[in-house]
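>>> This is a predicted model, with the sequence first.
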Amino acid sequence: MLAIPAIDLLGGQAVRLAEGDPARATVYAADPLAKLREFIRAGATRIHVVDLDGAFAGHPVQTALIQTLVEAAHSLGVEVEVGGGLRDRAAVEVALATGADYVVIGTLAVREPDIAHALCRAHPGRVIVAIDARDGWVAISGWQETSRVPAAALARAAASWGAVALLYTDIARDGLQVGVAVESTAALQRGLEIPVIASGGVGSLADLDALRKQHIPAVILGRALYEGSFTLQEALARC
């Protein structure tokens, strides 16, 4: 199982939110570049970067900082996936132009599925579709709005488009370290050939054990690392 540490950018700093709420942000690193290098020294082979400013604004905001992070990661042989505010084709192309190995789209996949499909085809192996679920429904617009698209339906559609992976987050657990949604993540993975990346709620090494037993191929690690619940080295050893 691939363990992917997350760097969520808000106002140029690395933060974590509780349940996606910007009013419940905790700043963990004033220098995201230093945090990225710290994760890479610990053994990370991929970094998950989110432009939270972009997610709330509806368009990329932290592009220059993201490009700096991508270039630093690539200089050390590490991949980067980028999301947040990628709401149209142009925004996705901007993110790819930073050199990001993967882009993560969510709202775009719900509102403009034809464009999402076309992007998957135009950039094979580089588009990840985010399924941010609230009570089984996909949330969009920086998690500020809940659509009427079921998570399972979007998963099937994304697989048919040729998305390289799905990023599944249980919003009610995100940033709270209350335990990852093992069963719903595993249920989503069953029947799909593309991998599902687990996200949201990881609080202990036991959560990683539970995901691995369900053959979940990858997991995003956020607050648990920043709070010191376990180290990235410990997580990599368990994955």
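Received the coordinates, thanks.

>>> can we go C-alpha only for contacts and neighbour counts from here?
Noted.

>>> So what's the gap between stretch 84-95 and the chain middle?
Using C-alpha atoms, centre = their mean, to the nearest Å, the distance from the centre of stretch 84-95 to the centre of the chain it belongs to is 15 Å.

>>> my bad, stretch 3-11
Using C-alpha atoms, centre = their mean, the distance between the centre of stretch 3-11 and that of its chain works out at 8 Å.

>>> which residues in this structure form helices?
Along the chain, the stretches classed as helices by DSSP state H are 32-41, 52-57, 63-75, 89-97, 107-111, 113-122, 151-161, 182-189, 205-213, 223-226, 232-238.

>>> can you dump the C-alpha coordinates of the last one into CSV?
By that I understand helix 232-238. Included here for helix 232-238 are C-alpha records, laid out as CSV according to Å, rounded to 0.1, in the frame of the first residue of the first chain:
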residue,chain,number,x,y,z
LEU,A,232,5.9,8.6,8.1
GLN,A,233,8.7,6.0,8.6
GLU,A,234,6.4,4.0,10.8
ALA,A,235,3.6,4.3,8.3
LEU,A,236,5.8,3.2,5.4
ALA,A,237,6.9,0.2,7.4
ARG,A,238,3.3,-0.9,8.0
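
>>> Show me which residues of it are buried.
Residues 232, 235-236 are the ones in helix 232-238 that count as buried (16 or more other C-alpha atoms under 10 Å).

>>> so can I have a markdown table of the residues you listed showing pLDDT and distance to Leu225?
Supplementary listing: those in a markdown table, determined by pLDDT from 0 to 100; distance: C-alpha to C-alpha, whole Å:
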| residue | pLDDT | distance to Leu225 |
| --- | --- | --- |
| Leu232 | 98 | 7 |
| Ala235 | 97 | 9 |
| Leu236 | 97 | 12 |
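
>>> Just send those back as a markdown table, with distance to Ser204 too.
Conversion of those to a markdown table gives the following (distance: C-alpha to C-alpha, whole Å):
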| residue | distance to Ser204 |
| --- | --- |
| Leu232 | 11 |
| Ala235 | 9 |
| Leu236 | 13 |
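
>>> pLDDT weak spots in this structure?
19-20, 142-143, 172-179 (pLDDT under 70).

>>> at 50 what do you get?
Filtered on pLDDT under 50, the chain yields the residue ranges 174-176.

>>> Roughly how far does Ala235 sit from Thr146?
Between Ala235 and Thr146 the distance is 32 Å, computed by C-alpha to C-alpha, to the nearest Å.

>>> Same check on Leu221?
Separation of Leu221 from Thr146 (C-alpha to C-alpha) stands at 24 Å.

>>> Same check on Glu71?
When C-alpha to C-alpha is the yardstick, Glu71 and Thr146 sit 35 Å from each other.

>>> picking up where we left off before, who's more crowded, Leu221 and Thr146?
In this view Leu221 and Thr146 are compared by other C-alpha atoms under 10 Å, and Leu221 has more residues nearby, 25 against 16.
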